[in-house]
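**Q** Kindly return the folded structure for what I paste below:
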Amino acid sequence: EKMNLRTMNQSLMMASLCLLLATEETVAFSPSKVSSPTKLIQSRQSPSTTEVNSAVAPNEEEDFFSKSFVLPEDDIRPLFTLNAGSKEKIVNAFGVWTLVVSVITGPIWSLVMMVMNKLNNRFEDLDPNRALYDGTGKVWSRVWLSMTDSYPSFSGEIDELRQGQGPCLYVANHASWLDIPVICTVLDPVFKFISKAELKSVPCIGQQLDGGNHILIDREDRRSQLKTFKDGCKWLKNGVPLMAFPEGQRSPDGRLMDFKGGIFSMAVREKVPIIPISIANTHAVMPGNALFPVQAGKGKLHVHVHSKIDTDGKSEAELTELVRLALLSKLPEDQHPLPKIEEEILDQIDAETEKSKKVDASA
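**A** Okay, the predicted model is just below:
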């Protein structure tokens, strides 16, 4: 009887996997709709077929990276605004549509995760790395981005990445909430996020992080930091890649910030490579002061996977410099850090603007 029950649950797991793969195929980006700086051709004809770059004039790519897709405030046209000052959150008509998509798809994703979690808890050896469980989030990301006309284009080492890198550390710039679903369209093999513990309370995303045994870190707790290091090393030893945002938080203006110290220590300890991933223009599609995206991402969102960086014999400072140079090489100009003096001037302007808003509000 126990064996029959085990066989039945294995069948359910396989059926779920087939459903996930079938769903992924239905939302795969059509080659005729791809709009990117490299005119990427994406084919989903077989699991081994991935994106191929076609030859284009260098000027077209230069135009993409020199152009800013950030909407002027007048073009956003907020329907309503929540809070004020630095905590301001706006919602426009496009944001309402993305909310509708979230309300439709979120509960379905959550229900599938609940079923998968019960099966995984009962039969731990069926999916020890929670690869199938995490696959639900990747399918949801593809569906959500397709329904909101925001599926990204790709370039770089896509073939090698999708075929599986083995243990490694993926790192990407972090400019928006959208970075999470966008990165999930690229990283097909199982991986584990290193994420802030507070994300556990976010609907669906928190459920995914917790149920998928991702690494949640409390930066204020030294024990949590030590546990993060040990858990990360354990996943790498088991052949499972890690994914981290080395800035440690979302950039408020999309520009690449300084990295938090120690982010590469697990990769150095386990002697695994680092693979930088540049994510372009998520800050323009969903800026920091927006509760939901303010415009479609089609033709704007782009992901470039860089060649792996060997960690053997390199210091943290050397790795930091190599990763920063790689990320910046495929980020638009408006995501590059400002010169220090210019940054200080803009900070002063922002402070004066904030002061004026408070005066107007009290008047």
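**Q** ok, and the closest non-adjacent residue to Gly156?
**A** Leaving aside its sequence neighbours, Gly156 sits nearest to Val305 (C-beta to C-beta, 6 or more residues apart in numbering; 3.8 Å). Glycine gets a C-beta too; all of them are placed from N, C-alpha and C.
**Q** Break down the stretch 201-350 of the chain into its helices, ranges please.
**A** Chain-ordered helices for the stretch 201-350 of the chain, with DSSP state H, counting those that start in this stretch as the definition, fall at 205-211, 222-237, 265-270, 282-285, 316-329, 340-362.
**Q** Pick the most buried one from the ones you listed.
**A** Most buried of these, by mean neighbour count (mean count of other C-beta atoms under 10 Å): helix 282-285, with a mean of 28.
**Q** CA atoms only: put that helix into CSV for me.
**A** Extracted in CSV, the C-alpha atoms of helix 282-285 (Å, rounded to 0.1, in the frame of the first residue of the first chain):
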residue,chain,number,x,y,z
THR,A,282,13.6,47.4,-15.0
HIS,A,283,14.0,50.8,-13.2
ALA,A,284,12.2,52.5,-16.1
VAL,A,285,9.4,50.0,-16.3
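**Q** Show me what that helix is in contact with.
**A** Here helix 282-285 makes contact (C-beta atoms under 8 Å, 6 or more residues apart in numbering) with 68-71, 150, 175-176, 178-179, 182, 251, 253-254, 293-297, 300-301, 335.
**Q** run the last query once more with 7 Å
**A** With contact meaning C-beta atoms under 7 Å, 6 or more residues apart in numbering, helix 282-285 is reached by 69-70, 150, 175-176, 178-179, 182, 251, 253-254, 293, 295, 297, 300-301.
**Q** Same question for stretch 321-328.
**A** Contacts for stretch 321-328 (C-beta under 7 Å, 6+ apart): 171, 173, 246, 256, 274, 276, 278, 306, 309, 336.
**Q** now do stretch 231-246
**A** Contacts for stretch 231-246 (C-beta under 7 Å, 6+ apart): 129, 165-172, 174, 183, 187, 190-194, 215, 259-260, 263, 266, 269-270, 272, 323.
**Q** residues near Trp97, how many?
**A** Residues contacting Trp97 under the criterion other C-beta atoms under 10 Å number 16.
**Q** and it, what does it touch?
**A** Thr148.
**Q** Assumed it was part of a helix.
**A** Yes - counting by DSSP: H, G, I helix; E, B strand; the rest coil, Trp97 is part of a helix.
**Q** pLDDT at it, what is it?
**A** On the pLDDT scale, Trp97 is placed at 97.
**Q** Next one: it from Trp144, what distance?
**A** Distance, Trp97 to Trp144, using C-beta to C-beta, to the nearest Å: 12 Å.
**Q** contacts for the lengthiest strand in the chain?
**A** Taking DSSP state E as the criterion, the chain has its longest strand at strand 274-280. Defining contact as C-beta under 7 Å, 6+ apart, one finds that strand 274-280 is touched by 165, 168-173, 179, 182-183, 186, 264, 267, 301-306, 308-309, 311, 319, 323, 326-327, 330-332, 335.
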